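this is a predicted model, with the sequence first.
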Amino acid sequence: MIIESFFSPFTAQNPEEDSMVHRLDPRTKMGLLLGVTLLSVYLDNIIFLLTLEMVLIVLTVISRTFRSMMRFLLLFFTFGIISVVVLALITDNLNYSLVSFSPFFARFGVMITAGLLFAFTTSPNNLARALEKMRFPAPLSFTLTITLRYIPTLAREAGAIMNALKLRGINLSLWDIIRKPSYFYRGMIIPLLIRTLKLSDEIAIAAESRGFNGGKGRSSLNTLKIGVNDLFFAVFMVMSGFILLFMDKASLLKIGG
Amino acid sequence: MNLKKFTTRDLTFIGMIIALMFIVQAVTILGVSAFTPFEPAKSVASAFFVSIVIAIGLAKVGKIGTFTIIGVVNGIICGFIMPAFLPLLPTTVLGGLAADAVIKIKYGEYGVRNSLITACGINQLVETFVILTVPFFFGFSQTILTPTLILVSALITTTLGVLGGFVGSKIVQELKKAGAIGE
Amino acid sequence: MTEVTVSNLTYRYPHTKKPVLNRINLQVNKGEFVFITGKSGCGKSTLARTLNGTIPHILEGEMDGTVMVKGKNTLDHQVSEIAPDLGFIFQNPESQFFTLRVEDEVAFGPENLGLNQDEIHERVFRSLEYVNMSDFRKRNVFQLSEGQKQRVAIAANLALNPDVLVLDEPTSNLDPQGAGELFQILEKLKNEGKTIILIDHRTRYARKLADRLIIMDDGKIIQEGGPELLDDPVIRENYGIRNPNLQLVNRSQFTNKHSNKDYNGRLTLSNTSGIFNHTKKDKQTTCNHENHNAVLEVENISFSYGNGFSINDMSFSIFQNEVVGIVGGNGSGKTTLANIMAGLLKPSHGIIKFCNVSSKLPTAKKIGMVLQNPDHQLFMSSVYTELSFGLPELGFTSSEIGKMVNDVIDSMNLKKLKERHPHSLSGGEKQRTLISALIARKPQVLILDEPTTGMDNYHMNQLVSEVKKLEKTGMAVILISHDEEFIKKSVNRIISISKGEIVEDKVIS
């Protein structure tokens, strides 16, 4: 279960889960994603980067995805600490290491949180529909849906293969792989590819026998519409963004002046 | 590019191949991140493994345009889950397009071993150049490597891509023997 | 009126010489329930795939002859064009799902037809109600049971409103309860005048429902007639067909009624020793050095996945020469228990003991387990190397390995397959290779998890005799299965599990 949710935030979500963020049009969320990414690049003061991060965390709490996201953020946080420590050890200067890495990691953290928020609150189906509305070709959005839908399935297949290896007395640890790469090749790559080939044929047959013909003239059960909520949300976020940017530049001027 | 020539079966297989790439990228990038904070190390590490997977996808589907589809979809997924990798979107698309273009001119379609190796090599070359320069021009990154370092990185990833393509073509041979891929 | 007409159909997979289908002629009339059966590899699934145009449009090969579905020639119409007339349900529901939510899944077909929103809503509602899954509309498809998944798959096809339904081994992954529910739906569909073509090796339900039986062998239709043909043991024997009139091993195995529990709800050997004493003398619940018979002891095992499913405080021992069937419905905890015994999962409480082998040996040397899907378990490029895979890791020398492998090739009759690529073998051969690879190292216990999925009568009997052979060598064999016929034929003890607890443990003479 853990490995699955780890490998695909898009499918780890529970479709019964519903929140204001889930109900937003994916295009609104794409806008948020782009906006936040750009903002994080132009914010220089770490205080405001952290404020932006807090706003995003509040959104994850509202969408009740905070718990599932923690795993990823913790992982990221750990890497951050490792990097700071490594640099501090190399340069023998903790302060230098902190100063040079902090804004970098704050920026990175903001982008990752925004991305995960998007992924955890958007189903592959809705993402594909939103892309189609933006004139993305149907065959490509179908491919995208298949990818997102089957990442956890393949992760589970890999898990089953790993179990079969254990039963033969081989634990595929990092050390085993380095010591005998052939175990990884024979024991994982070959069976996983054979499963991939078989599954993809089955999926193709299943898709066509349910009327799929390359996505021409598809209609949909629920149409995506940019609603009042989306507008309110967008206006609120754009305003907050500008305030943050303004305060950031103002604080720079103060220091400079 | 003519998308109509891609059958549902082609599309599902490309979709599954990208899913595999995602897993491979996640594992190698996480693995590398645990050891070093040095960014280019990640693309170097994943270049080899990702190329193996791509080569198999190319060999099975065979059609020109496969690499571009892989680039677009993979770029979107990486970009949305980790917007820090948004610059990857043009990277993977351009890499795929370049490979498709060269193979179209030189071989007509994917199939023989050299076509797979060439495609993987070109993709890695273009990707590395783009990823090491584009983010800088758009303000995503404050520093840029020296031209020599960019060249060296590109050479390393291209070599790894070529190696990956080679291993991939070997795996295709075995999959044919197993009856999993038609001759 | 004829709905489906197959005339003079011959088909050959790419790069094979022998046709899988050899001049098949078949007519299916409106409202008919046709049951097609035959042994593995007889061509029945291939025939199914020609009915909706999968062959020749998606799978390559050489096809001669014609297939007409409601007046459409499959050669001239794509699979997606035939879909509204003919629905297709597969063995494995999971690979038919494209979305996460039940409702979206059922809507996938009508969306492809480009219907308007109201019509799609209406169809989704009606189809889910038909299969009794309305309450699950907003649920995640991954969280459904196997039986529920298969019902959603049927609803997804019904939403396209086809007149003909083709089902290819739809009950392979289902327990008897799930299969029963599925056939109730089929009965309802039949009564409403839908045409149904069922391809399966399980015969019990089809015997009651089918109007016509078709038996295939070697790519040809060799018998046609009423379903009562299934009652003829000679025909069954000749064409490797399962017995439809099976006396159940024990009905109570899927209920909680006749459980043998002690005061705290736990079943221990001490309170079943009465039964045991008939066949096995001086068995004790504890294993000491004087008693070398108990090979595996499970003591107070508990385990939980954290999603509500758990195994609670199980205890039992397995003895030498025993063939134990562990039975129970889907989700009863059989496979979890097997994974714990084989060391793949760590129990949260309790221990597993291997009595007459040193505890220092790696688990892989003491216990062998064959998982459900052979594709996950074959690694090498020839059967010969497959048999020796992993042995060096267990500390065997190369001369020992050579002898072990050659012994097992002789005893399991693998000489002809020695040089073949394991993935190119048939299902039954793959399984034989796997069992051989595990028994080569002479484990104390061998576990087979659902070994008869999709297996015809012939191969099942072959497996039964292989199990009997292993029993004679002193190995304890544990069979996890909901295949009642197979269990009945092979075991001498049955442990029934329900909701993570042992409800019955008895010896069969």
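Thanks, I have the structure now.

nearest spatial neighbour of the one residue in chain B that gets nearest to chain C, chain-adjacent residues omitted?
Among the residues of chain B, B:Ala178 lies nearest to chain C; the distance is 3.8 Å by CB to the nearest CB. For every residue, glycine as well, the C-beta is placed using N, CA and C. If you skip the residues right next to it in sequence, B:Ala178 has C:His423 as its closest partner in space, 3.8 Å away by CB to CB, 6 or more residues apart in numbering or on different chains.

check contacts around the one you found.
Contact partners of C:His423, counting by CB atoms under 8 Å, 6 or more residues apart in numbering or on different chains, are A:194, B:178-180, C:375, C:378, C:430.

top of these by neighbour count?
The member of those surrounded by the most neighbours (other CB atoms under 10 Å in any protein chain shown) is C:Leu378, with 25 neighbours in all.

right, is the helix or strand containing A:Glu157 up against chain B?
Using DSSP states H and E, the secondary-structure element containing A:Glu157 is helix A:138-167. Yes: using CB under 8 Å from any CB of the partner chain, helix A:138-167 reaches chain B at A:139-140, A:142-148, A:150-151, A:153-155, A:158.

just give the nearest non-adjacent residue to the residue of chain A found nearest chain B, would you?
Closest approach between chain A and chain B, counting by CB to the nearest CB: A:Ile146, at 3.0 Å. On the basis of CB to CB, 6+ apart, the spatially nearest residue to A:Ile146 that is not a chain neighbour turns out to be B:Gly15, at 3.0 Å.

my guess is the one you found contacts A:Pro139, does it?
No: counting by CB atoms under 8 Å, B:Gly15 stays clear of A:Pro139, with 10.3 Å between them.

about what we covered before: list just the nearest of the residues of helix A:138-167 next to chain B to C:Gln184.
Using CB to CB, A:Thr153 comes nearest to C:Gln184 of the residues of helix A:138-167 next to chain B, at 29.5 Å.

returning to what we had before: with pLDDT added, can I get the contacts of C:His423 in CSV?
Putting the contacts of C:His423 into CSV (pLDDT from 0 to 100) gives the following:
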residue, pLDDT
A:Ile194, 92
B:Ala178, 82
B:Gly179, 80
B:Ala180, 79
C:Asp375, 90
C:Leu378, 93
C:Lys430, 90
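
which two among the residues you listed are spaced furthest apart?
Greatest spacing in these, by CB to CB: B:Ala180 and C:Lys430 (13.3 Å).

so, low pLDDT: which residues of the stretch 251-400 of chain C?
Scanning the stretch 251-400 of chain C for pLDDT under 70 picks out C:251-292, C:306-308, C:356-362.

next, the buried residues of the helix or strand where B:Leu58 lies.
The secondary structure element spanning B:Leu58 is helix B:39-61 (assigned by DSSP H and E). Buried positions in helix B:39-61, judged by neighbour count with 16 or more other CB atoms under 10 Å in any protein chain shown: B:39-40, B:42-61.

same question for stretch C:55-74.
Under 16+ other CB under 10 Å, the buried positions of stretch C:55-74 are C:55-59, C:61, C:63, C:65, C:67-70, C:74.

what of stretch A:192-207?
Within stretch A:192-207, judged by 16+ other CB under 10 Å, the buried ones are A:192-197, A:199-207.

okay, B:Gly15 and A:Pro139: which has more neighbours?
Set side by side, B:Gly15 and A:Pro139 show more neighbours around B:Gly15, with 28 against 20, by other CB under 10 Å.

what about the helix or strand where the more buried one lies, average pLDDT?
In this assignment (DSSP H and E), B:Gly15 forms part of helix B:8-35. pLDDT averaged over helix B:8-35 equals 84, rounded to a whole number.

summarise which helices and strands that helix is packed against.
Other helices and strands packing on helix B:8-35, by 3 or more CB pairs under 8 Å, 6 or more residues apart in numbering or on different chains; DSSP states H and E, are helix A:2-7, helix A:66-91, helix A:138-167, helix A:190-209, helix B:39-61, helix B:66-81.

can you put these in JSON lines and add distance to C:Gly343?
Conversion of the helices and strands packed on helix B:8-35 to JSON lines gives the following (distance: least, CB to CB, whole Å):
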{"stretch": "helix A:2-7", "distance to C:Gly343": "19"}
{"stretch": "helix A:66-91", "distance to C:Gly343": "27"}
{"stretch": "helix A:138-167", "distance to C:Gly343": "7"}
{"stretch": "helix A:190-209", "distance to C:Gly343": "20"}
{"stretch": "helix B:39-61", "distance to C:Gly343": "29"}
{"stretch": "helix B:66-81", "distance to C:Gly343": "35"}
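
and these: which comes nearest C:Glu3?
Nearest to C:Glu3 among these is helix A:190-209; the distance by CB to CB comes to 16.5 Å.

distance from the chain centre to the closest one, please.
Averaging C-alpha positions (CA atoms, centre = their mean, to the nearest Å) puts helix A:190-209 25 Å from its chain's average.

ditto for stretch C:113-126
Centroid displacement of stretch C:113-126 relative to its chain, using CA atoms, centre = their mean, is 34 Å.

what does it contact?
Outside of stretch C:113-126, the residues within contact range by CB under 8 Å, 6+ apart are A:211, A:217-223, C:84, C:103, C:106-107, C:110-111, C:134, C:137, C:158-161.

report the buried members of the residues you listed.
With neighbours counted by 16+ other CB under 10 Å, those contain buried members at A:211, A:218-221, C:84, C:103, C:106-107, C:110-111, C:158-160.

just to revisit the earlier point, mind listing what's buried in the helix holding A:Glu157?
A:138-158, A:160-167.

downstream of that helix, the next helix or strand is which one?
helix A:174-179.

give me the helices and strands touching whichever helix or strand comes after that following helix, please.
The first helix or strand that comes after helix A:174-179 along the chain, using DSSP H and E, is helix A:181-184. If you count contacts as 3+ CB pairs under 8 Å, 6+ apart, helix A:181-184 packs onto helix A:174-179.

next one: the helix it packs on, is it in contact with chain C?
No: using CB under 8 Å from any CB, helix A:174-179 stays clear of chain C, with a minimum separation of 8.8 Å.

helix/strand/coil for C:Asn25?
Judged by DSSP: H, G, I helix; E, B strand; the rest coil, the three-state class of C:Asn25 is strand.

what's near enough to touch it?
By CB under 8 Å, 6+ apart, the contact list for C:Asn25 reads C:6-9, C:221.

same check, this time on C:Met380
A:186, C:386, C:389, C:422.

once you drop chain neighbours, what's closest to A:Arg27?
A:Ala130 (5.2 Å).

roughly how far does the one you found sit from B:Gly71?
Taking CB to CB, to the nearest Å as the measure, A:Ala130 and B:Gly71 are separated by 20 Å.

more crowded one of the two?
Neighbours of A:Ala130 and B:Gly71, each counted by other CB under 10 Å, are more numerous for B:Gly71; the result is 28 against 19.
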